[in-house]
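>>> Build me a model from this:
(one chain, ligands or ions: 6)
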Amino acid sequence: MMKYFVLIFIIATIVSGCSVKVNAASILFNLHTRSMQSPQAGTSPITEDGPPQPTEVPSSLPLFYYNQTIDHFSKNSGNFLQRYYVNSTFYKEGGPIFLHTPGESGINQIIPTSSFVSNLAASFNGMLISLEHRFYGESYPPINDLSTPNMKFLTIDQALSDFANFIKYPPKELNITKDSKWVMVGGSYAGNLATWMRKKFPNLVSAAYASSAPIEAKLDFFEFDQRIAKALPCAQNISDAFRFVYDPILLSGNETAILGLKQQFGLEMLEDNKDFASAISHPTANIVQNYVQSPDIPDPILSVCTPFSQVQSSSPETSAFIYAEGVKAFLNITGIITPEDKLAKFATTSINTKEKNDLAPYTYQYCNELGYYQTFPKSSPISTRSQIIDIDYYQGQCDFLFPGIPSSPTIKKTNKKFGGFNGKFSKTVFVNGDIDPWTALTVSSESANPKVEKDTIFLIKGGSHVTDFAPPSPSDSESLQEARVFVFNTLVKWL
Ligand SMILES: *[C@@H]1O[C@H](CO)[C@@H](O)[C@H](O)[C@H]1NC(C)=O
Ligand SMILES: *[C@@H]1O[C@H](CO)[C@@H](O)[C@H](O)[C@H]1NC(C)=O
Ligand SMILES: *[C@@H]1O[C@H](CO)[C@@H](O)[C@H](O)[C@H]1NC(C)=O
Ligand SMILES: *[C@@H]1O[C@H](CO)[C@@H](O)[C@H](O)[C@H]1NC(C)=O
Ligand SMILES: *[C@@H]1O[C@H](CO)[C@@H](O)[C@H](O)[C@H]1NC(C)=O
Ligand SMILES: *[C@@H]1O[C@H](CO)[C@@H](O)[C@H](O)[C@H]1NC(C)=O
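Ligands and ions are numbered 1, 2, ... in the order given. Below you'll find the model as predicted:
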């Protein structure tokens with residue numbers, strides 16, 4: 001317990017010396033004794049196949065609707081209703097307003113009720129608002145389906161203007177005073193939005209907190225796989241399986257052999273070879289990206305890797321067999337069991353653009369403005385994915401789902417507008433994880449050279465994607481605990 005008391009002590013000391021009235025000690029104590037059963041928050045990341053659905057927790061938060069402008073760049077375009085949740089449990093008049101958005105999925109109650117973000121807002125006597133991003137959840141302009149022409153108002157600039165509009169004209173019923181300070185918060189793509197809000201609207205946004213924000217838009221994101229390989233002690237085994245067993249079959253053109261391979265994984269329903277190759281690369285990416293250390297569960301990375309060192313024989317064929325068994329177990333554990341589940345999860349042709357869902361709009365966004373195509377790293381000696389996963393695979397998905405979309409995402413324009421790796425960011429606190437494959441596109445990347453104030457970037461040792469947003473627990477690593485104190489201390493300076 002000692003560690004937690006020390007942490008609380010540090011925070012209470014810092015807080016008492018500043019003008020913000022906070023009850024950090026009691027709230028942070030509360031969070032350290034929180035039950036381990038809390039659902040994990042903040043893991044609504046950009047996965048290679050799109051955002052996973054958040055787990056709903058029962059809560060008492062009512063839903064509100066904001067009357068939002070459809071097109072911020074023309075007059076009289078009409079309005080649509082944008083959903084939001086509010087946690088004002090610990091709010092005191094004059095406290096900061098934390099504006100959060102999940103970005104790539106609909107809003108859920110986890111972040112506003114039981115996460116590090118809600119604790120953070122509470123410890124500043126702040127209000128936390130979780131506002132849905134346009135075209136996610138139920139916050140749609142009036143359109144019937146997600147066909148290409150209907151997506152024209154799904155742009156980063158429109159989304160940023162939504163948040164700006166909300167801050168400029170906050171809902172009356174929240175009694176927010178004109179001089180309230182606003183802090184924009186987000187993880188993953190929404191972390192980008194947080195940094196860009198502060199950049200574009202410095203008069204509206206006092207500070208930003210960005211977790212695992214891939215601020216550099218990139219077409220050929222081969223570093224994603226390189227980082228997965230680095231995080232897995234058995235990457236060589238998996239690489240051998242792809243290089244010497246799976247890929248020669250996939251490239252052979254022998255339909256019988258290819259079908260046999262698909263059957264070995266229980267994925268024979270995936271007709272497209274690239275969809276199949278992507279599906280069998282998914283589990284390791286998923287496990288590394290969502291990696292958490294907890295005494296309650298076996299270490300997920302060791303669970304993947306131990307079997308490769310427990311056998312007598314050492315060969316690509318043995319590795320290929322072990323890996324296929326591992327993928328099948330993964331699919332079973334994650335409930336992707338029936339052929340319909342597998343098609344829905346992995347087949348491009350099953351992504352639904354006729355109904356409103358969170359996967360299609362996210363795909364549209366990366367096809368249109370962000371890229372992030374998680375390709376096979378051609379220049380790496382080891383890789384955990386098939387060499388047939390290339391730029392054309394992703395671009396083919398874009399063209400299939402959204403006919404008429406630009407022939408390549410407008411990466412250059414996005415980076416020029418917001419600065420990418422070389423962006424200038426003021427009063428923005430960044431947290432990244434050193435095993436998160438997305439870290440390659442964040443301010444913590446070796447390629448990044450952002451202009452930022454001193455001590456505004458924290459890299460969590462053993463941290464993965466948006467690890468810091470989860471509700472704090474006593475079993476959190478020291479580095480993760482330090483990250484949260486760092487965020488708190490940094491924001492104290494600015495608020
Ligand atoms: C939203 O605002 C517009 C323009 O101010 C107004 O005409 C419309 O009635 C409002 N809609 C709702 C549901 O409040
Ligand atoms: C608001 O957040 C605080 C801190 O996490 C939490 O204790 C409280 O229960 C939340 N309020 C609601 C209504 O969920
Ligand atoms: C705003 O003020 C009204 C009237 O005083 C009150 O009933 C309401 O609870 C307040 N709303 C919030 C979010 O504090
Ligand atoms: C195709 O693969 C099957 C199964 O591995 C094998 O029996 C057959 O000989 C192969 N055909 C050719 C033309 O290589
Ligand atoms: C996995 O790789 C390790 C290290 O290269 C090797 O010792 C082991 O035999 C490999 N396992 C298999 C099943 O090939
Ligand atoms: C999934 O796992 C359960 C429990 O271990 C097992 O009984 C079942 O046979 C597995 N199903 C498949 C399709 O592998």
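>>> residue contacts, residue 239?
Neighbour list for residue 239: 229, 381, 382, 383, 384 [criterion: C-beta atoms under 8 Å, 6 or more residues apart in numbering]. In short, each C-beta sits where N, CA and C put it, glycine included.
>>> Specify the local secondary structure of residue 161.
helix (DSSP: H, G, I helix; E, B strand; the rest coil).
>>> er, residue 185 I mean
Here residue 185 is strand, with the state taken from three-state DSSP.
>>> Can you report how many residues lie near the residue in the chain that ligand 3 sits nearest to?
Proximity of the chain to ligand 3 (C-beta to the nearest ligand atom) peaks at residue 175, 3.7 Å away. The burial metric for residue 175, expressed as a neighbour count using other C-beta atoms under 10 Å, is 12.
>>> Low-confidence regions, the protein specifically.
Counting by pLDDT under 70, the low-confidence segments of the chain come to 1-59.
>>> Hmm, residue 86 is touching residue 113, no?
No: Residue 86 lies out of contact with residue 113 (C-beta atoms under 8 Å); the separation is 10.8 Å.
>>> overlap in contacts of those two?
Overlap between the neighbourhoods of residue 86 and residue 113 consists of residue 61, taking contacts as C-beta under 8 Å, 6+ apart.
>>> Residue numbers of the stretch 1-150 of the chain in contact with ligand 2?
The interface of the stretch 1-150 of the chain toward ligand 2, taken as C-beta under 6 Å from any ligand atom, is made up of 59, 60, 61, 87, 89, 113, 114, 118, 119, 122.
>>> which of the residues you listed come close to ligand 4?
Of the residues in these, proximity to ligand 4 by C-beta under 6 Å from any ligand atom holds for none.
>>> Show me the two of those residues that sit farthest apart.
Within these, 60 and 119 form the most distant pair, 17.6 Å apart (C-beta to C-beta).
>>> Looking at the two, which one has more neighbours?
For residue 60 against residue 119, the residue with the higher neighbour count under other C-beta under 10 Å is residue 119, and the figures read 22 against 6.
>>> Near ligand 5, which residues of the stretch 151-300 of the chain are found?
Counting by C-beta under 6 Å from any ligand atom, the residues of the stretch 151-300 of the chain lying close to ligand 5 are 236, 237.
>>> residues touching the closest residue in space to residue 490 that isn't next to it in sequence, list them.
With C-beta to C-beta, 6 or more residues apart in numbering as the measure, residue 429 is the residue that lies nearest to residue 490, at 4.4 Å, once sequence neighbours are left out. Under the criterion of C-beta under 8 Å, 6+ apart, the contact list for residue 429 reads 207, 208, 209, 210, 456, 457, 458, 486, 487, 490, 491.
>>> about what we covered before: please, a ChimeraX command that selects the buried ones among the contacts of residue 239?
For anyone working in ChimeraX, the buried entries among the contacts of residue 239, judged by 16 or more other C-beta atoms under 10 Å, can be selected with:
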select :229,382,383,384
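>>> In the contacts of residue 239, find the pair that's most separated.
Every pair of these checked by C-beta to C-beta; the farthest is 381 and 384, at 12.3 Å.
>>> thinking again about what came up before, the residue of the chain closest to ligand 3 and residue 403: what is the separation?
47 Å (C-beta to C-beta, to the nearest Å).
>>> Check residue 361 too.
16 Å.
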